[in-house]
Structure formats: C-alpha cells, structure tokens
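Asker: requesting a structural model of the entry that follows:
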Amino acid sequence: MSRLTSFTNRNTLLDNEERRTIVRNDVREIHHETVHYREAGNVYLRETGRCPRFRFPWWLWLLLALGLLALLGLTLGLGLGLGLKQTAPLQRCTRNNCAANSQCINNRCECDTGYYFDYGTQACTLYRQIGMSCTTSDTSQQCITNAYCSTNGVCICSSGYYLDLSSGNCLALLPRYTPCANDDQCQTPFVCKIFLCDCNQTSWYDSGTNTCKRLGLQNDPCSFTSQCISTANCSLVTCQCPSDHYFDDQSDECITKQFIGRTCTYSYQCISLANCTSVSPFSQQ
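Answerer: Okay, the predicted model is just below:
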C-alpha cells in the first residue's frame, strides 16, 4: 500500500513538473498558436508557429448587425420626420424639405418661379395665363407677372402692359420711336405707324407734355410747320395752306386749286386771277 502511494505521489510530482515545463514553454513560446485536437479520447497540444488571431464569436457579429440596422432605421426616421413637406410659404425649412414646386431660400420655403401659394389647396400652383379664369375674392397673386384678376374673373394685363402673343407674357408698353407690330404694344397715346410707335397721322408730338396734339388747321397757331396739317406751312405763327392750295373745311386738308375749265364751287378754289362762274349748257355747244 505504501509502495502504491509512493508511486502515485511520484507520478503527481512528474505531472506537476510537466505542467511547469509547459507553462515555461508557453511563456517562452507565447508567439506560437496552440491547437487542441482529440485522438482516442486524449487531448493533445500542437503548436502551429503562427501568431494567435482574434476571432469574434458569431453572436457578437449578430449583435453588431442588429445595431447597424437599428441605427439605419433611426436615421431614416429622423430624415422622414425632418423631411415633412412644409406647405405654407415663409415657414422655416432646412435644405430640400419643402413641398412640391417650392424650395428653401434663406431658411424659408418659397414657391418656385412661375408658381404662387394657393391658400385654398395649401400648395404651390402655376400662375394663371391671360384669359384664364381666376377668383376675384382671392387676394393672392393668381395671374402671371404684370397681370391681375379682373372683376369679370379673368386674368388680364395690368395698366401699362400688353400681351405678347409669342411668349404669353405681359410686357411693358413701348415708348415713342420703338419698333412695334400693332397699336396695342405702344404707350398711350401712340400708335404703331410704319412699324414705329408714334403719334397718328392727324397729331404731332409735344415733348413738353409727352402727348400727341391735333395738327393745326388753317389759321391755327403754330411754332413749327410739323404742327400743321399736311402741305400746310407755319407762317407768321399760324398754319397756312400754300398759295396754290385752298383749305377744304369738309376734309380739313389743303387741296390744289383748280385750273381753268375744272369744276368748282367757290372762286377761292380756282387758280389765281380765275373765278368760279356758272356755265350755261348752251355755251358749251
């Protein structure tokens, strides 16, 4: 019995010595990787000679993936929350979070060019073109630029503007001597005369008052011949027909005097030294 105990103690000492040896070897050879493997119920150690690699457990990878998904969901949620479309203009905004047809300008939502804010629909709506129906009770600008909603409920150009048919816009009326296509494009009181805005045929332009005044008739006061009717001259500050013309008060024109043998009603219609006389039909035979 004592021999058996002594043998067992000796084996125990050997085992302890081997463990210490293994520990010392592990300290000296710590850069080696130890691999466990089983063979016939025994566990053996094999050194691979490679530095040990740190490996995440599978459950740690799973937790990391779930965390990333949660972070992504939170980000999307905040994005949707901040990105709620703001309908009314002048509301505070951040970049790209305004309603359709609007944009964030100076931290305020503003309708895009060509749109106005419709308080009824709470949305940015296209301006109405000239001739389109509009709501007279709506105080917002419904019609295109330089236009307004008339009492008839139709968009028309504002005073001082005309409708440009090619673009559909209301443009400023044209001043004198500006190229034009029709009378509607010219400022009052001008008309489109020979493709230029100017006074009409029976008027002259007064630069002092920026108006068109009627051409002077026979004996009307004048300062320049251009202020008198056609073929008349400004003579001694009055409009006078030339000596070989007479003034016809029916047409308000200077008409050439008639030669001998021509039809007349009054002697002043005849050339100098001629008179208008009645002619007997028998004298013509």
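Asker: low pLDDT regions in this protein?
Answerer: 1-56, 73-90, 279-285 (pLDDT under 70).
Asker: now with 50?
Answerer: Within the chain, the stretches with pLDDT under 50 are 1-48, 78-85, 87, 282-285.
Asker: partner residues bridging the residue nearest to Ile255 when sequence neighbours are not counted?
Answerer: Closest residue in space to Ile255, ignoring its immediate chain neighbours: Asp248 at 4.9 Å, by Cβ to Cβ, 6 or more residues apart in numbering. In short, each C-beta sits where N, CA and C put it, glycine included. For Asp248, the beta-bridge partners are Glu253 (DSSP bridges).
Asker: neighbours of Asp248, just the number please.
Answerer: 13 (other Cβ atoms under 10 Å).
Asker: in the chain, which residue is closest to the centre?
Answerer: In the chain, the C-alpha nearest the mean C-alpha coordinate belongs to Thr113, at 3.4 Å (Cα atoms, centre = their mean).
Asker: what separation do you get for it and Ile105?
Answerer: To Ile105, Thr113 is 11 Å away according to Cβ to Cβ, to the nearest Å.
Asker: separation between the residue nearest to Ile255 and Gly114?
Answerer: According to Cβ to Cβ, Asp248 stands 57 Å off from Gly114.
Asker: stretch 106-122: end-to-end distance?
Answerer: End-to-end distance for stretch 106-122: 21 Å, by Cα to Cα, to the nearest Å.
Asker: how far out from the middle of the chain is it?
Answerer: 13 Å (Cα atoms, centre = their mean, to the nearest Å).
Asker: now do the helices in this protein.
Answerer: For the chain, helices defined by DSSP state H occupy the ranges 2-28, 58-82.
Asker: beta partners of the nearest residue to Cys228 once chain neighbours are set aside?
Answerer: Of all residues not flanking Cys228 in the chain, Cys239 sits nearest, at 3.6 Å (Cβ to Cβ, 6+ apart). Per DSSP bridges, the residues bridged to Cys239 are Cys234.
Asker: quick one: Cys239 and Ile229 touch, right?
Answerer: Yes: using Cβ atoms under 8 Å, Cys239 is in contact with Ile229, at 6.7 Å.
Asker: overlap of the contact sets of the two?
Answerer: Counting by Cβ atoms under 8 Å, 6 or more residues apart in numbering, the residues touching both Cys239 and Ile229 are 215-217.
Asker: in strands, which of those residues fall?
Answerer: Assignment to strands by DSSP state E places none of these there.
Asker: please list all residues in contact with the residue nearest to Lys193 when sequence neighbours are not counted.
Answerer: Among residues not flanking Lys193 along the chain, Asn200 sits closest, at 6.7 Å (Cβ to Cβ, 6+ apart). Residues near Asn200 by Cβ under 8 Å, 6+ apart: 191, 193, 212.
Asker: done for today, thanks.
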